[in-house]
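K.L.:
3D model of this:
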Amino acid sequence: MQRRAYVTGTAALLAALLAGCTSGSEDAGPTDDANPGGAGTATAAAEPGKYQTLPEPCGAVDQDTLDSLLPGIKQITDPGQRDKAYQGAATLTYDTDRKVGCRWKVESADATDRLSVDFERVVSYDNAVSDDDQAQQLFRGKETAADLPAPSSGSPASDAPSATASPTGSASGEPTPSGSAPSSPAGSPTDAAADELQPRALTDLGDEAYLDDQLSTSGSTAEQRTVTVVFRTSNVIVTLQYEEQPMATGTVPDSKEMQDRARELASQLDDALGG
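P.N.:
As a prediction, this is how the structure comes out:
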């Protein structure tokens with residue numbers, strides 16, 4: 001009788017142990033699923049960008065603005081040719097949902113002016129990177145490539161051009177056409193104005209923006225100025241390039257005037273995007 005009782009007790013103990021193992025196995029499922037690195041965890045996709053389409057680029061610049069940036073357009077006497085000049089020429093692209101642009105070129109008695117406007121909608125194909133973050137990376141790459149100079153110590157924090165800028169001076173500090181740089185005491189208003197017209201980051205446009213201003217000499221002695229404004233609004237990057245080359249040799253395009261015109265157009269484009 002004692003031996004039988006011992007066997008029965010042993011069987012009961014084994015049954016209890018088996019029941020505990022079975023219960024532990026069933027509880028393991030939720031614990032694994034709760035593990036962030038587990039196969040059962042779903043990764044949330046990054047936020048899509050604000051913009052899913054792009055504007056029609058050749059219609060993005062109104063006639064009054066074109067009159068301001070391209071003075072020769074009003075000198076065209078043939079109505080058909082003038083209308084064609086206003087329309088511009090669309091940039092060849094194979095995906096108008098991702099990248100579009102337009103170009104204008106007008107010659108006048110005083111200068112040849114060119115304007116280009118490009119819109120790029122950035123889409124991230126990485127679920128861990130949002131469209132905005134991808135656009136920001138692309139913008140920062142463009143800004144780095146522009147190699148903007150560091151602001152001078154003691155220069156004004158404002159990025160607004162100064163009304164005291166020299167009309168023939170270069171934004172990059174090049175000498176005047178006579179070959180000699182204008183003399184002025186260090187820290188004078190002229191120096192401050194020239195610094196404000198240097199290539200720089202802009203704080204009043206889109207989510208982030210910068211302006212570049214370059215003066216170059218072509219094969220002739222005429223100097224061409226190119227003002228470029230690039231800004232990002234959410235996942236769209238806008239690049240605006242404004243060029244002027246005078247007909248007369250020794251003439252230097254006005255830096256402040258061109259920058260003001262380019263920034264005004266950039267602001268209009270940003271407003272049109274709803275930025």
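K.L.:
got the domain ranges for the protein?
P.N.:
1-42, 57-273 (automatic domain parsing).
K.L.:
mean pLDDT for those domains: which is lowest?
P.N.:
If the domains of the chain are sorted by mean pLDDT, domain 1-42 sits at the bottom with a mean of 47.
K.L.:
do a quick rundown of the strands in the stretch 1-150 of the chain.
P.N.:
Here the stretch 1-150 of the chain has its strands, by DSSP state E, counting those that start in this stretch, at 89-90, 99-107, 111-121.
K.L.:
who's in contact with the first one?
P.N.:
Spelled out, it's strand 89-90. For strand 89-90, the external contacting residues (CB atoms under 8 Å, 6 or more residues apart in numbering) are 57-58, 100-104. The way it works is simple: take the backbone N, C-alpha and C, and place the C-beta from them, glycine included.
K.L.:
can you list the strands that that strand pairs with?
P.N.:
In the sheet, strand 89-90 lines up against strand 99-107 (antiparallel) (DSSP bridges).
K.L.:
try the longest one
P.N.:
Strand 111-121 has the following strand partners under DSSP bridges: strand 99-107 (antiparallel), strand 236-246 (antiparallel).
K.L.:
and those strands as a markdown table, adding distance to R200 and mean neighbour count?
P.N.:
Converted to a markdown table, those look like this (distance: least, CB to CB, whole Å; neighbours: other CB atoms under 10 Å):
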| stretch | distance to R200 | mean neighbour count |
| --- | --- | --- |
| strand 99-107 | 24 | 19 |
| strand 236-246 | 15 | 22 |
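K.L.:
out of the ones you listed, nearest to T77?
P.N.:
Evaluated over the strands paired with strand 111-121, closeness to T77 peaks at strand 99-107, with 13.2 Å, by CB to CB.
K.L.:
which residues are contacting the closest one?
P.N.:
54-58, 60-61, 66, 70-73, 76, 85, 88-91, 93, 112-121.
K.L.:
return the distance of the closest residue in space to T65 that isn't next to it in sequence relative to V252.
P.N.:
Excluding its sequence neighbours, the residue lying closest to T65 (CB to CB, 6 or more residues apart in numbering) is L265, at 5.6 Å. Distance of L265 to V252, given as CB to CB, to the nearest Å: 22 Å.
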